[in-house]
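Asks: sequence-free structure coming up:
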Ligand code: GLY
């Protein structure tokens, strides 16, 4: 299977994509780090499905294999989980020539990745994403971190993995809402970078499984050109500014991340159309594709005031001037610098029909 190579400030890593590539994980580990020990970090949802088979593929290649299972869910992205992981690494006798395998969705990848970045000042890391969202986004590009009481992802590090293994077969067990939320991110790639790809997804010429490779190529290119998120990489935040505010004001419970991003993308397109930046009709077209996947597209009117307030209150995290992502037309996006006041002003104008 041909790998996609990502160059980083520290070297490069391969992303191996293909049905059934999980079976090759033993060889991939042997190529990734010199030691013969691996610790699989996974969660309570994924462990019953894939932990034993993954462990068996490693053991058959002579790799000493340990496992830590953390509770599924965002609350595991915490300092408490880090302590659990560091203890487990110490007990297993992990050295800097051995490595950590993050087997799971975004939460596992982020917290195991940050543990790998910091234990012994950095031990090798292999990302094995098991959700669409993690396969097309979170597992690529080296962002790791945890949540703090004062905000999500507030502590972390850029820490590139030694390799990424993407096996679409691992998605067979995904719950429908988890699948849809990943598809929101797939549609996002089409919107920001690739009109042809968007159309292929829109018309069904390309099914979402086939689309994963294209998304990985797009993301790999972006993070190679802007590893540390100071320019082009911010385009990946399309739909995320309002999406994040919506998640926040609804207590991170009502919507999955991808559902909130779907609503946020449509909101950003509506704002873009109001500003005269986005081609008229783009909002409708994107909303239609999202709805095919049962994704919500309407910002609930009752949340508008709270969102405006949350964006204002989030000034510390967002900074004085934010780079709001707008789409000019499908496949072409841009960073549109705005103050928070300008953003909340336009949200109010567009949604309160002032
Ligand atoms: N998930 C956004 C990024 O990797 O930059």
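Replies: Happy to help now that I have it. As the structure is a prediction and not an experimental result, all values here were calculated from the model.
Asks: quote the end-to-end distance of stretch 119-139.
Replies: 19 Å (CA to CA, to the nearest Å).
Asks: chain center to it: distance?
Replies: Distance of stretch 119-139 from the chain centroid (CA atoms, centre = their mean, to the nearest Å) equals 10 Å.
Asks: let's have the chain start at 514 instead
Replies: New numbering, starting at 514: the last item is stretch 632-652.
Asks: and the helix or strand where residue 541 lies, how far out from the chain's middle?
Replies: Using DSSP states H and E, the element containing residue 541 is helix 538-545. Between the centre of helix 538-545 and the centre of its chain there are 24 Å (CA atoms, centre = their mean).
Asks: now for that helix, which elements pack on it?
Replies: When contacts are defined as 3 or more CB pairs under 8 Å, 6 or more residues apart in numbering; DSSP states H and E, helix 538-545 packs onto helix 565-572, strand 612-617, strand 638-642, strand 676-679. The way it works is simple: take the backbone N, C-alpha and C, and place the C-beta from them, glycine included.
Asks: whatever helix or strand comes next after the third one near the ligand at all?
Replies: In this case it means strand 638-642. The element immediately downstream of strand 638-642 (helix or strand, assigned by DSSP H and E) is helix 645-646. No. If you take CB under 6 Å from any ligand atom as the test, helix 645-646 misses the ligand, and the best it gets is 9.3 Å.
Asks: just checking, next helix/strand downstream of helix 645-646?
Replies: Immediately after helix 645-646, counting by DSSP H and E, sits strand 656-661.
Asks: partners of that following strand, with directions?
Replies: Taking DSSP bridges as the criterion, strand 656-661 sits next to strand 664-671 (antiparallel) in its sheet.
Asks: buried ones in the strand it pairs with, by neighbour count?
Replies: Residues of strand 664-671 classed as buried: 665, 669, 671 (neighbour count, 16 or more other CB atoms under 10 Å).
Asks: make TSV out of those and add distance to the ligand.
Replies: Shown next, in TSV, are the buried residues of strand 664-671 (distance: CB to the nearest ligand atom, whole Å):
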residue	distance to the ligand
665	12
669	11
671	10
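Asks: in JSON lines: these, plus pLDDT.
Replies: Putting the buried residues of strand 664-671 into JSON lines (pLDDT from 0 to 100) gives the following:
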{"residue": "665", "pLDDT": "90"}
{"residue": "669", "pLDDT": "98"}
{"residue": "671", "pLDDT": "98"}
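Asks: quick one: residue 654 and residue 737 touch, right?
Replies: No. Under the criterion of CB atoms under 8 Å, residue 654 makes no contact with residue 737, lying 9.1 Å away.
Asks: touching the ligand at all, stretch 524-531?
Replies: No. When contact is scored as CB under 6 Å from any ligand atom, no part of stretch 524-531 falls within range of the ligand; the minimum is 13.6 Å.
Asks: buried set for that stretch?
Replies: Under 16+ other CB under 10 Å, the buried positions of stretch 524-531 are 526-531.
Asks: got the contact list for it?
Replies: Stretch 524-531 is contacted from outside by 514, 516-519, 537, 541, 653, 673-681, 725-726, 729, 733, using CB atoms under 8 Å, 6 or more residues apart in numbering.
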